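J.: below is the sequence, then the predicted model.
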Amino acid sequence: MTIIPFWATIALLAPRVLADLTGSTTTSPTSTTSTSSAASCTASVVDTLCDYPEPDYYAVASDSRAHCWDYCNEHQPCEFLIFNPGNPYLGYGTCWLYPGEKFDKSKASTNCSNPYLEVYDKPKCSGGTPTTTSGACTATATPSAVASICGYPAPEDCFNTCYASSGAPNCLSLCAEADACSYAVFRAGDSHSAYAPGTCWVYTNGTYDKDLAGTCSGKPEQYVYDNVCPKKSTASASVSPALLRSSGNGTSTTPTGSSASAAAASATTSENSAPTGLSLGNSLPLGVAVLMWQAL
């Protein structure tokens with residue numbers, strides 16, 4: 001008769017026991033990485049000029065016209081752009097953007113022998129993933145100010161509700177993502193543009209009061225926005241009476257019935273985690289090993 005040592009039996013069955021105890025073997029982590037290709041944009045020349053006011057903020061070096069179109073697509077709302085060629089042979093130049101503005105022919109000059117500023121219409125793009133700088137909801141990407149003002153007072157709790165902001169879309173997004181926001185005021189920087197960096201003031205309650213605004217001596221310095229993406233009110237989580245049982249010392253959360261089974265299951269197991277207890281099925285292989293050794 002062939003005698004099987006006890007340690008050999010345990011070695012053969014140990015992997016099975018360990019697998020049963022952990023609930024599974026090796027589990028691959030779930031990947032959440034996503035990739036996307038850049039958008040391909042095209043635009044048409046609508047005019048050539050000798051002169052046009054430079055933008056206050058969005059003037060960047062560009063290695064090509066295509067780069068300028070992409071840059072416009074990434075900084076919405078962008079209705080037109082101007083490419084200022086630097087070297088006709090290499091194709092690089094300067095890209096001028098005017099977010100939130102429309103092309104104004106009356107500001108242009110064509111009184112020269114060789115107009116060189118190329119005005120392009122809104123680029124048409126396909127492919128890739130649309131770029132948004134808002135982050136909260138689609139509506140925040142194209143904010144519409146209810147007032148353009150000066151001298152409006154900051155919120156009383158400005159220490160907690162005033163933020164540095166990259167522009168009005170970001171400010172409106174901050175308002176939408178806040179725990180409470182009735183309206184927001186974007187205080188522009190030196191450029192006075194709502195789409196250049198500035199400060200975002202979030203007002204947690206109340207409504208915009210136009211009587212508190214001052215008089216502007218020049219361009220507006222502040223832009224007021226309503227919260228276009230208010231958070232839905234969330235009801236507090238309720239506990240089924242079946243899960244509560246009164247006791248002499250107070251309230252005990254002892255589950256009963258079918259609700260108890262679900263509560264117990266959720267309390268003792270979680271995704272990609274091992275069960276917290278041992279079952280009869282898990283100990284069976286080890287018991288068989290012991291019996292086999294005793295029979296030898």
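T.: Here it is on my side, so go on.
J.: which stretches of this structure form strands?
T.: 40-42, 45-49, 59-62, 80-85, 93-97, 117-121, 124-126, 147-149, 162-165, 183-188, 198-203, 222-226, 245-247, 250-252 (DSSP state E).
J.: go through the first one and flag the buried ones.
T.: Right, strand 40-42. Cys41 (16 or more other C-beta atoms under 10 Å). Heads up, the C-betas are built off the backbone N, CA and C, glycines and all.
J.: any low-confidence regions in the chain?
T.: Low-confidence segments of the chain (pLDDT under 70): 1-38, 128-136, 233-296.
J.: need the helices for it, in chain order.
T.: In the chain, the helices defined using DSSP state H lie at 6-22, 65-73, 158-161, 168-177, 257-268, 280-295.
J.: show me what the fourth one is packed against.
T.: The contact analysis (3 or more C-beta pairs under 8 Å, 6 or more residues apart in numbering; DSSP states H and E) places helix 168-177 against strand 162-165, strand 183-188, strand 198-203, strand 222-226.
J.: contacts for the last one?
T.: What that stands for is strand 222-226. Contact partners of strand 222-226, identified using C-beta atoms under 8 Å, 6 or more residues apart in numbering, comprise 143-152, 168, 171-172, 175, 183-188, 194, 208, 213.
J.: and if you look at the third one?
T.: Contacts made with strand 198-203 from outside it, assessed by C-beta under 8 Å, 6+ apart, are listed as 154-155, 158, 161-165, 167, 170-171, 174-175, 178, 181-189.
J.: now the angle between strand 222-226 and it, please.
T.: Interaxial angle, strand 198-203 versus strand 222-226 (axes from the mean of the first three to the mean of the last three C-alpha atoms, to 10 degrees): 40 degrees.
J.: could you give the angle of strand 198-203 to helix 168-177?
T.: 30 degrees.
J.: output strand 198-203 as CSV, nothing but the C-alphas.
T.: Extracted C-alpha coordinates of strand 198-203, given in CSV (Å, rounded to 0.1, in the frame of the first residue of the first chain):
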residue,chain,number,x,y,z
GLY,A,198,-9.4,86.7,-12.4
THR,A,199,-11.2,86.1,-9.2
CYS,A,200,-14.5,84.1,-8.7
TRP,A,201,-16.9,85.1,-5.9
VAL,A,202,-19.4,82.5,-5.0
TYR,A,203,-22.6,83.7,-3.2
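J.: direction included, what does that strand pair against?
T.: strand 162-165 (antiparallel), strand 183-188 (antiparallel) (DSSP bridges).
J.: dump those strands to JSON lines, plus distance to Pro230 and mean neighbour count.
T.: Output for these, formatted as JSON lines (distance: least, C-beta to C-beta, whole Å; neighbours: other C-beta atoms under 10 Å):
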{"stretch": "strand 162-165", "distance to Pro230": "18", "mean neighbour count": "16"}
{"stretch": "strand 183-188", "distance to Pro230": "10", "mean neighbour count": "24"}
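J.: returning to what we had before: of the helices and strands packed on helix 168-177, which is nearest Lys102?
T.: Closest to Lys102 of those is strand 222-226 (C-beta to C-beta; 17.3 Å).
J.: quick one: closest of the strands of the chain to Cys137.
T.: Once the strands of the chain are compared by C-beta to C-beta, strand 222-226 is nearest, at 13.2 Å.
J.: direction included, what does the closest one pair against?
T.: strand 147-149 (antiparallel), strand 183-188 (antiparallel).
J.: please identify which of those is closest to Pro55.
T.: Across the strands paired with strand 222-226, closest to Pro55 is strand 183-188 (C-beta to C-beta), at 13.6 Å.
J.: kindly export the closest one (C-alpha atoms) in PDB.
T.: These are the backbone C-alpha positions of strand 183-188, laid out as PDB (Å, rounded to 0.1, in the frame of the first residue of the first chain):
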ATOM      1  CA  TYR A 183     -25.000  83.200  -8.100                       C
ATOM      2  CA  ALA A 184     -21.400  84.100  -8.800                       C
ATOM      3  CA  VAL A 185     -19.500  87.200  -9.700                       C
ATOM      4  CA  PHE A 186     -16.300  87.000 -11.800                       C
ATOM      5  CA  ARG A 187     -13.900  89.800 -11.100                       C
ATOM      6  CA  ALA A 188     -11.700  90.300 -14.200                       C
END
